[in-house]
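J.: Have a look; sequence and predicted model below, questions after that.
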Amino acid sequence: MENKTDFRFPHTFILLGASGDLAKKKIYPTIWYLYRDNLLPENTKFVGYARTKQTISEVREKSKKYMKVRAGEERKFEQFWEANEYLAGSYDKRIDYEMLNQQISKFEKGPVANRIFYLAVPPTVFEDVTVNIRNACIAIKGYTRVIIEKPFGRDDVSSEKLSNHLIGLFKEEQIYRIDHYLGKEMVQNLLTTRFANQIFNPSWNRENIASILISFKEPFGTEGRGGYFDDFGMIRDVMQNHLLQILSLVAMEKPVTLNPNDIRDEKVKVLRHIQPIAMEDILVGQYVGNPDGQGEDALGYLDDPTVPKDSITPTYALAGLWINNARWQGVPFILRSGKALNERKAEVRIQFKDVPGDIFDGKAKRNELVIRVQPGEALYLKMMGKSPGMKFDLVETELDLTYSTRYRETDVPDAYERLILDVFTGTQMHFVRNDELKEAWRIFTPILKQLEEQRVKPVPYVHGSRGPPEADAMLAKYNFKYSGSYKWQKPSPP
Ligand SMILES: NC(=O)C1=CN([C@@H]2O[C@H](COP(=O)(O)OP(=O)(O)OC[C@H]3O[C@@H](n4cnc5c(N)ncnc54)[C@H](OP(=O)(O)O)[C@@H]3O)[C@@H](O)[C@H]2O)C=CC1
Ligand SMILES: O=C1O[C@H](COP(=O)(O)O)[C@@H](O)[C@H](O)[C@H]1O
């Protein structure tokens, strides 16, 4: 029963893996903020489920430091926890899920009641959990929606196996595959920037754009938690999902309507034009300790005790992707992601071609449209102007839309808040469809296999640096020009 999206009915949000890291750091805080802001159906209950035997008070205690409670919200916070229960049970025994079902049924008064299951569980128990939900916990009086977290497989084969497993249990409209980058303000803004502005649309093509760089940088390494990471690496962790999703929104054609399936149809279409990544189009790196660094900065990836000493897992990757269609043929899309770098940053840089027929003695620099996803959402267009005053000279300047100054009154919501609310309202626009996932693995699986089978050694880069020095040469090869002359006059917002 899928069409019962109505906030008057009772809803139960079931968090499987409620004892875990994601649950305490992200999901409990998120459902609290949604509850606090009265965004959820009034009659919503929350049930945490995991193997750990504990009480809801213990769950509350563990997530406390990640949940903000402002002055005056204390009563509401108590009410939130009163709406929460916790049940301990195994992931693989049907009988335990029957208990869970009984627990949920207690809340379900009236003719309609909906259930949302959030799977914050490791991939190893994923199949058991979904089968047991299907067999013992399906809503009888309303919809059942299932939110799943990456990793959606390790490669094309394992991902397809998982997809087939899910297809056997649920309909596509019941499955919400989270890519939390799709919940970020500036990622959602890509669609409006592109298709609600006549100025950008006509120049968004191979005639005008030289190259596009989509970056993710993190200033910390694995910090003793490299166990999971080592099995996946930077390409699977961020590039194959978050960065490729951004690429598809930057590159897709205009959808017929804003209907989620129309948008996802266009995303799939553009992905289908991308060839699997070739060996000459990838650079992988791994961080080493910084001899001048303090604490964690002094440590390399291989110093993490949870990482095998001979690991060749990339903690940095730069890849060039080519979209073989009429709009983009020949334009490099550069995806770049890394841990233990010099800063936290996620952004898209669209670099326009040099102005033809130069009359300014080579002084005109390229226009660059920068969409800064984080930190400090901003969109700025770097452009040339006349230097103000008596002189007739060129100066690099910008049209600047910085959210913290332009939208002072608006709090930008967290990605998870937006996405979990979308599940309650039943909109799949910002969730990954099965066929998108299939295309993503088609593009990345061959190169992942080659890197692993040939045991390609990642190039070293220093913890806290901008990444491997070789990466800048690669950017230049992809016609991405860094002039180093641009100066931002104002201090950057925090
Ligand atoms: N609204 C706002 O807040 C605005 C802020 N600004 C700020 O102004 C500053 C400069 O603007 P920005 O657009 O970054 O312009 P720049 O052209 O100066 O820098 C762009 C990026 O180039 C990269 N870079 C540095 N050295 C090299 C190199 N040798 N070769 C290739 N790439 C290199 C760096 O990123 P990486 O290490 O990732 O490669 C750098 O961030 C930034 O701090 C920005 O935040 C500017 C406009 C608006
Ligand atoms: O999915 C992931 O994303 C985080 C970064 O998320 P952000 O919202 O803080 O940018 C990354 O640290 C993690 O390794 C990866 O799995």
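T.: Cool, the structure landed. Residues are numbered from 1 along each chain as shown. Ligands and ions are numbered 1, 2, ... in the order given.

J.: so who does the residue of the stretch 1-150 of the chain found nearest ligand 2 touch?
T.: With Cβ to the nearest ligand atom, the shortest gap between the stretch 1-150 of the chain and ligand 2 falls at K150, namely 6.7 Å. Every residue, glycine included, has its C-beta placed from N, CA and C. Neighbour list for K150: 177-179, 241 [criterion: Cβ atoms under 8 Å, 6 or more residues apart in numbering].

J.: 6 Å instead, please
T.: K150 makes contact with N241 under the criterion Cβ atoms under 6 Å, 6 or more residues apart in numbering.

J.: per-residue pLDDT, it?
T.: Per-residue pLDDT puts K150 at 89.

J.: mind listing the helices for the stretch 151-300 of the chain?
T.: Assigned by DSSP state H, counting those that start in this stretch, the helices in the stretch 151-300 of the chain fall at 156-169, 185-195, 226-234, 244-251, 260-272.

J.: now for those helices, which one comes closest to ligand 1?
T.: Comparing the helices of the stretch 151-300 of the chain by Cβ to the nearest ligand atom, helix 185-195 comes nearest, at 11.6 Å.

J.: Just the buried residues of the closest one, please?
T.: Neighbour counts over helix 185-195 (16 or more other Cβ atoms under 10 Å) mark 185-191, 193-195 as buried.

J.: With distance to ligand 2 added, can I get these in TSV?
T.: Shown next, in TSV, are the buried residues of helix 185-195 (distance: Cβ to the nearest ligand atom, whole Å):
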residue	distance to ligand 2
E185	12
M186	12
V187	11
Q188	14
N189	16
L190	16
L191	20
T193	20
R194	22
F195	25
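
J.: and which of those residues is nearest to F360?
T.: F360 lies nearest to T193 out of the buried residues of helix 185-195, by Cβ to Cβ, at 28.2 Å.

J.: thinking again about what came up before, out of the buried residues of helix 185-195, flag the one nearest to D304.
T.: D304 lies nearest to V187 out of the buried residues of helix 185-195, by Cβ to Cβ, at 30.0 Å.

J.: Just give the nearest non-adjacent residue to the closest one, would you?
T.: Closest residue to V187 apart from its sequence neighbours, by Cβ to Cβ, 6 or more residues apart in numbering: Y181 at 5.5 Å.

J.: Just to check, that neighbour is in contact with H242?
T.: Yes: with contact defined as Cβ atoms under 6 Å, Y181 reaches H242; the gap is 3.9 Å.

J.: So Q428 sits against P260, correct?
T.: Yes: look at Q428 against P260 with Cβ under 6 Å: they come within range, at 4.6 Å.

J.: So which of the two has more stuff around it?
T.: Counted by other Cβ atoms under 10 Å, Q428 and P260 do not tie: Q428 has more neighbours, with 21 against 18.

J.: Tell me, what's the model's pLDDT at the more buried one?
T.: 96.

J.: what's the answer for P494, then?
T.: Note on P494: pLDDT of 54.

J.: Next, the angle helix 260-272 makes with the longest helix seen in the chain.
T.: Using DSSP state H, we find that the single longest helix of the chain is helix 434-453. Compare the direction of helix 434-453 with that of helix 260-272 by axes from the mean of the first three to the mean of the last three Cα atoms, to 10 degrees and you get 30 degrees.

J.: Quick one: distance of helix 434-453 to the chain centre.
T.: Taking Cα atoms, centre = their mean, to the nearest Å, the mean C-alpha location of helix 434-453 is offset from the chain mean by 18 Å.
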